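J.: got a predicted structure plus its sequence, pasted below:
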Amino acid sequence: GVQLDASRFSQDAPGPLAADFRRGSVGDAAEADRARDFADGANFRRARVGMEGRLFSDWDYAFLYEFGGTGTEGGGVINAAWLQYSGFGRTKIRVGAFAPPTGMDDQTSVWGALFPERSAVGEMVRGIAGADGRSSLAVLSNGDRWTLSAALTGNVVGQQSFDEQVGLVARASILPVKGSDYLVHLGVNTTQVLEPAAGGPDVAPGATRNVRLRERPENRVETVRLVDTGNIDAKRASVWGLEAAGQFKAFTVQSEYFDIGVDRRASPLPSPDFSGWYVQGAWTLTGQPRRYVAASGSFDAPRIDRPFDFRKGDWGAWELGLRVSELDLNFAEGGAGTAPRTGAIRGGDQKITTLGLNWYPNAAVRFSATYQDVQVDRLSAGGAAFGAGALTPPAGAQVGQDVQIWTLRSQYAF
Amino acid sequence: GVQLDASRFSQDAPGPLAADFRRGSVGDAAEADRARDFADGANFRRARVGMEGRLFSDWDYAFLYEFGGTGTEGGGVINAAWLQYSGFGRTKIRVGAFAPPTGMDDQTSVWGALFPERSAVGEMVRGIAGADGRSSLAVLSNGDRWTLSAALTGNVVGQQSFDEQVGLVARASILPVKGSDYLVHLGVNTTQVLEPAAGGPDVAPGATRNVRLRERPENRVETVRLVDTGNIDAKRASVWGLEAAGQFKAFTVQSEYFDIGVDRRASPLPSPDFSGWYVQGAWTLTGQPRRYVAASGSFDAPRIDRPFDFRKGDWGAWELGLRVSELDLNFAEGGAGTAPRTGAIRGGDQKITTLGLNWYPNAAVRFSATYQDVQVDRLSAGGAAFGAGALTPPAGAQVGQDVQIWTLRSQYAF
Amino acid sequence: GVQLDASRFSQDAPGPLAADFRRGSVGDAAEADRARDFADGANFRRARVGMEGRLFSDWDYAFLYEFGGTGTEGGGVINAAWLQYSGFGRTKIRVGAFAPPTGMDDQTSVWGALFPERSAVGEMVRGIAGADGRSSLAVLSNGDRWTLSAALTGNVVGQQSFDEQVGLVARASILPVKGSDYLVHLGVNTTQVLEPAAGGPDVAPGATRNVRLRERPENRVETVRLVDTGNIDAKRASVWGLEAAGQFKAFTVQSEYFDIGVDRRASPLPSPDFSGWYVQGAWTLTGQPRRYVAASGSFDAPRIDRPFDFRKGDWGAWELGLRVSELDLNFAEGGAGTAPRTGAIRGGDQKITTLGLNWYPNAAVRFSATYQDVQVDRLSAGGAAFGAGALTPPAGAQVGQDVQIWTLRSQYAF
C-alpha cells in the first residue's frame, strides 16, 4: 500500500529571535536558528511492498519492505521479515523482524487506523521495545474473545548500537461482553527494557546505556519533536498500559493509559516517571460498523460493500473521528521562571485534539482529512539546550508552542 | 526493466594545472584538483520494479521503485506512486508521485527513447517542476489526435527543502496531419515555478528561494555537469516550449525549443533569460516504423515482429539516429578575457552532436551504441568558483571544454 | 530468501588500555578506544527479492535486489541484474552485474553453504574481482562433468572510484571420477586485476591504484576485520587457486588453496605475496546426500523428501559440518618485538576452526548453529596505526586476539 500526506502548519507570527523563546526553539540547539516554523509540504508516509505465504503446511513467512519515511523519503527499510511455526494449533512461535504486540493502538493496522498517525503516547511506547522491524522472538496466541502474547526483543532493523537492547513486551486482552452489534474490550500490556542498548564498549565504569523518550505531534510531514526527555543513562525502563474500548453499532470508543518509569544507572538522582493517555471515538456516518479483529485484539476500518459510483449514487463509507491525547514527559519540572531542581526533567507536556473525516470510496482507496490543535507546555532547563548566544532562553522560560495542522492523506492498498 | 551503460571518454592531454583552465575545471571549486578528466566506467542507469493495476473499475494505480542512478548506483528511490480516478471518461485525475507532461522528449518512454539520454534542454526543463517522482495533482486528457494536461506540482520524492516548491506544468499537442504512414505533430508546453523551494525558515527578510539551472552532457556514467548557472535567488521561473515532429514511413524527425526566464527576488539586478533546442532524426534500417502513442503525444520504438534468430536469418530491428542539441545558460556573458558585467551569468553554452545505432533483437532486449561530440564554451566569472590558489582562472578565461564520448547501453524490459 | 543471524562473542576480560594491545586494537586508529570488544546482537544478513526468466526463447535475465548487510542493515543494493544470450547451446554469453565464477566456495549457493559464511580466503578472493553485483561480461560453459568460464570484470555496483578496476576471472573444473554415490572434483581458478581502480584523476605521476586485502572472521554480525594488509599501491594483482573435493554417500569433503600476489606500482619495495586455504567436511546424520550441481561445479544442500512433522515422526535433515581455515596476510613480518623490515606487511595470520549443526525441517526453512574458534596472530607495524597517544602499541607488539563466537542463523527461501 501507499500513503501520501500533505500538511499545512499554522502558527502565530514569530517574535524577535532573542526574546520569543515560546516559538523559536522546537528542537535542540543546532536547530534553534532555522526551525522557526514548520515546513508545509507533502510526504510519502509509507509505501510497502512484499509477500507473505505458507511453506509446507506448518510454516508461515512474511517479507515486507517499506519505502517512505518521516519528513522526507528515505532509502527503504525492512518492515517485516519473519518465519513462524504454526504447527501447535492456537499458539504460534515467530522469529525475525516484526512489531510484537505492545497495545491496542499498536496493533491497529495502517488501514484500520482512525487517523493518519497513532496517539503520541501509543507511538512512543511501541517505539521503546516494539514497532515495525523489531528483531523479536515471540509466542502469539488468541481465541475468539482473547489474545495473549509475549516477545523477547532486540534492536530495530538498521539501528546501530554497541551491544543491542534486550527487551520484553507482553499483552493480554479479553472481550468480557460481546453481542451481535456491541462489545467491550479490556486489556493490559507491558514493555520492559531489561538492558538498554550500549553506547560504547564494555570498559569500566561501563558504557552509557541511554534511554530517550520523545515523540512527534502525531504528524510526520514535519520531522520535529516538541517533547523530549533527552538521554537518561538507565539500568532499566518499565511501561505498564491499560486498554478499554467498546462498540455499539456504528459507534466505537477506545482509550489507553500508559505509565513509564526509567531507572537511572549509577546515579544518585531520583529515577523519573512519565505518563500519557488518549481517548478516541469514531462514528461511521454512512452506517457501516468498524470490525473487531480477534487475532490482533483491535478495530479495523468499516467494510465497504458497495464501492463509490456517482452514477449509481453509491458513496462508499464516510466516517467522523475525534481524539484527545496527552503525553507528559515532565518530571518534577518546577515552576515557570525557576531553575530546574536536581534530577528534574523538563521534557514537556503535549496535548493534542484531533478532528478527522475519512472517506473510503472502496475497500482499497481512502482519503483522510484531519485538523489538529497541538499545545505544548515546556520550560527551558537553562543552558544552551535550546539555542546558544543571544538565542539562549533563561532557565524556566516557556519554550513550548501551539500549532494548528491541517493534513490530507491519500492512500491505497494493493 | 534494467539498463546498463558503459562509457569511455576522450579528451586532449591536460596542460599544466595553473594555466590550462579550459580542461581543468569541470565543476565547482571543490572539484578543481580532482576532476581533471572524466571517469571511464560502467553504471546501472536504471533498474525499475513495481506494479500497476486497476482497483474497483474506476481507479488506477501504479507503484514503481527505481534502483540505479547517475555516476554510481544509489539506494533506490520512488519513481512513481500514484492513484488515478478514471471514472469521468477521457479526463483523468491523478494524485501522487509521477512525471507530469512537460514536453515531447519528456513524454517519451525509456524504451521509446532514440538515445540513452534525453536532449540536455529537455532533461533540464523536465527537472524544473516535473520529472519522475514529482509530487503532483494532475488532470490528464487525450483523444486520438490530441493531448491536454495540467498539473500542480511540489518537490520530487526524497528532495528536502524548507517549504516545498510550488509549480504548474501544462502541455497541449495535436496531430494536424495524420495518414496511414505519415503524420505531423505540433505542441506547446509551459513550466511555471510559482514559488521556488525555501532554503530556510520564514524570518525577515525572507529565506532565499534559489533556482539553479544545470545539466549533464546527455550522459550519466559521469556525474559531472559542464554548464551551470549557479544559484539564483528567485521569485518565479517561467519556461515556454514549442514542439514539432513528423513521420514518413521508417523516418521520423522531432524538435523542441525552450525559452527559460528567471525572475530575481529582492534584487536590483536584471532577471536572466536562457534557451535551448534540439533536432533529432531516426531511420529504421530494417524498415519497421516508429509508433506514435496517442495517450502521451510522443514516439515509441519500432515494433519487432520477428525476433532475432540467426538460424532463421531474422535480425530484429536496426535503427540509426542523429541529434544536434544546444543548451545556452549564458546571460549577458560578455567577451573573452573580460570581467562579467553586473548581473551577468556565465553558465556556459553546450552543443552536442550525437550519432547512435540501436539494435532491438526482440521486443524486450536492446543494445544502443552512441558517439557524442560535446563542445562547451564557458567563460570564468573570476574569483574562486573554478578553483582556488594557483588554480584560480582569471575572469573571462575559457573554462569550457571539448569531450568525445563512446557509450554502449545494454537494456532489457520485463 | 531471508537470513537472520544472532551472534554472541566471548573474549578474555580486557587488560589496561595502555598495555593490553592484544585485545585493544581490532581495527584502525579511529576505532582504538571503542572497539574493545565485539558487539553481541542480531543482524539480517540478506533478504533478497527479485525475478528471473526467459525472453523470446534465447535470452535469459535476472534481477535480484538485496537488503540486509554486515553489522547493520543497509539501504539495499543490486545483487544481480544480467542479460544472457543462450542461443549457442552449451556456451552462454552474459552481461550485467553478477558473481562470475572465482572458485568452488564462491560458486556454492547461499542455500547450499555448509556454514553461514564462506571460508575467509574464499570470501576475500571472490571480493577482489568477483562477488555479487560485479559488472561483468562473461562466457560460461559446462557439461555433465566439467565447467569452464571466463569473465572480464569492472567495479561492484555502487562502488565509487575514479577510473574503474579492470579484472579477469576464470575457472575450470572437472569430475575425473563419478559414480552413483561417489565423485571426485578437481578445479583450478584465477583472478587477475589488470588495472586496479584509480584513486584520483590522471595527473602525473599518476593516481594511486590501491589494492587492499582484508577479511572478517567468517562472521558478519560484527563488522570488524581482524586481518588487513592496508592499502598497497599496485600495478597488478594475481591470484591462483586449486580446488579438490570428494563425496561418498552422506559424506563430503572440500578444500581450496589460494596464492595471492600483488605487484607494487612505482616503488622499489619488494612485491608481497599472501596465501590461504580451507578444508571442510560435511556429514548428513539423517542420511540424505549433498547434491553436486553440474552447472556451477559445487555442492548443494541435501534434498529433503519428507518435511518435518513431529506428529508423523519426520525430522527433515540434520547435518554436521567441520571447517579449518587459514588466511595469512603477513609478508616478511619479522619477529615479535622487532620493527618491521622495509616492505614488510603485518596484515596478520587468522586461523579459524568452525563446528556447525544444520537442521533443514523442509526444503525452504533452515536453522544453523555454529561455534567458531578464531585465533589471530598479528604484530604491530608501530606508529599510530593501532591507536594514538597512550594507546600506541610499540612496533612488534602482539595486536592479534582470540575470540569464540556462537551464532544461530534462521533462514527461509521463497
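T.: Perfect, thanks for sending it. Here the structure is a predicted model, which is why all the values come from computation and not from measurement. Numbers count the residues shown, from 1 in each chain, chains lettered A, B, ... in the order given.
J.: where does chain A dip in pLDDT?
T.: Counting by pLDDT under 70, chain A has low-confidence residues at A:12-39, A:68-75, A:160-162, A:200-206, A:384-391.
J.: now the helices for it?
T.: For chain A, helices defined by DSSP state H occupy the ranges A:21-24, A:104-107, A:120-129.
J.: dump the residue contacts of A:Arg378.
T.: A:Arg378 makes contact with A:226-227, A:330, A:346-349, A:398-400, according to CB atoms under 8 Å, 6 or more residues apart in numbering or on different chains. From N, CA and C alone the C-beta is placed, and that goes for glycine too.
J.: ok, for it, nearest residue in space, not its chain neighbours?
T.: Take A:Arg378 and drop its neighbours on the chain: the residue closest to it by CB to CB, 6 or more residues apart in numbering or on different chains is A:Gly348, 3.2 Å away.
J.: could you report the neighbour count for the one you found?
T.: For A:Gly348, the count of nearby residues is 24 (other CB atoms under 10 Å in any protein chain shown).
J.: what's the answer for A:Ser57, then?
T.: There are 10 residues near A:Ser57, going by other CB under 10 Å.
J.: that one and B:Lys249: what is the separation?
T.: 60 Å (CB to CB, to the nearest Å).
J.: now, which of the contacts of A:Arg378 sits nearest B:Ala62?
T.: Distance to B:Ala62 across these (CB to CB) is lowest for A:Leu226, with 36.1 Å.
J.: quick one: contacts for the nearest residue to the closest one once chain neighbours are set aside?
T.: Setting aside the residues directly before and after it, A:Leu226 is nearest to A:Val376 in space (CB to CB, 6+ apart), at 4.6 Å. Contacts for A:Val376 (CB under 8 Å, 6+ apart) come out as A:217, A:226-227, A:348-351, A:400-402.
J.: show me which pair in those is furthest apart.
T.: The largest distance within the contacts of A:Val376, taken as CB to CB, falls between A:Val227 and A:Asp402 and amounts to 13.6 Å.
J.: tell me who's in contact with the closest residue to A:Met104 other than its chain neighbours.
T.: Nearest non-adjacent residue to A:Met104, counting by CB to CB, 6+ apart: A:Glu243, 4.5 Å away. Contacts for A:Glu243 were tallied using CB under 8 Å, 6+ apart; they are A:103-104, A:173, A:185-189, A:254-256.
J.: tell me the contacts of the residue lying closest to A:Ala62 once chain neighbours are set aside?
T.: Once flanking residues are discounted, A:Ala62 sits nearest to A:Glu52: 3.7 Å by CB to CB, 6+ apart. When contacts are counted by CB under 8 Å, 6+ apart, A:Glu52 is found next to A:60-64.
J.: considering those residues, which possesses the most neighbours?
T.: Within the contacts of A:Glu52, neighbour counts (other CB under 10 Å) peak at A:Phe63, which reaches 25 neighbours.
J.: that one and C:Val49 touch, don't they?
T.: Yes. Proximity of A:Phe63 to C:Val49 meets the contact threshold set by CB atoms under 8 Å, at 6.9 Å.
J.: what's the overlap in contacts for the two?
T.: A:50-51.
J.: and the gap between the residue nearest to A:Arg378 and chain C?
T.: If you measure A:Gly348 against chain C using CB to the nearest CB, to the nearest Å, the figure is 31 Å.
J.: for that residue, give me its contacts.
T.: Contact partners of A:Gly348, counting by CB under 8 Å, 6+ apart, are A:226-228, A:329-330, A:376-378, A:400.
J.: one more: A:Pro272?
T.: Listed by CB under 8 Å, 6+ apart, the contact partners of A:Pro272 are A:229, A:232, A:261-262, A:264, A:331-332, A:343, A:345.
J.: and those, which are buried?
T.: When neighbours are counted using 16 or more other CB atoms under 10 Å in any protein chain shown, those contain these buried positions: A:229, A:232, A:262, A:264, A:331, A:345.
J.: wait, which of those is closest to chain C?
T.: Taking CB to the nearest CB as the measure, chain C sits nearest to A:Ile232 out of those, at 21.5 Å.
J.: partners of that closest one in the sheet?
T.: On the basis of DSSP bridges, A:Ile232 takes part in beta bridges with A:Val211.
J.: surely it is in contact with A:Arg212?
T.: Yes. With contact defined as CB under 8 Å, A:Ile232 reaches A:Arg212; the gap is 6.9 Å.
J.: look at A:Val227 and A:Asp402 and report which has more neighbours.
T.: Neighbour count, other CB under 10 Å: between A:Val227 and A:Asp402, A:Val227 has more, with 26 against 15.
J.: looks like that one contacts A:Ile345 (just checking).
T.: No. When contacts are counted by CB under 8 Å, A:Val227 is not listed as touching A:Ile345 (10.7 Å).
J.: quick check: neighbours shared by the two?
T.: Between them, A:Val227 and A:Ile345 share these contacting residues under CB under 8 Å, 6+ apart: A:Leu329.
J.: how far away is the spatially most central residue of chain A from chain B?
T.: Centroid-nearest residue in chain A, with CA atoms, centre = their mean: A:Glu123, separated by 1.2 Å. The gap separating A:Glu123 from chain B is 23 Å, by CB to the nearest CB.
J.: can you map out the strands along the stretch 1-150 of chain A?
T.: Counting by DSSP state E, counting those that start in this stretch, the stretch 1-150 of chain A has strands at residues A:2-10, A:41-55, A:59-68, A:74-88, A:91-98, A:134-142, A:146-156.
J.: so which bits of stretch A:106-113 are buried?
T.: By neighbour count on 16+ other CB under 10 Å, the buried set for stretch A:106-113 is A:106-108, A:112-113.
J.: which residues does the nearest residue to A:Asp314 once chain neighbours are set aside contact?
T.: Nearest-residue entry for A:Asp314: A:Arg306, 4.4 Å, with adjacent residues in sequence omitted and distances by CB to CB, 6+ apart. Under the criterion of CB under 8 Å, 6+ apart, the contact partners of A:Arg306 comprise A:312, A:314, A:316.
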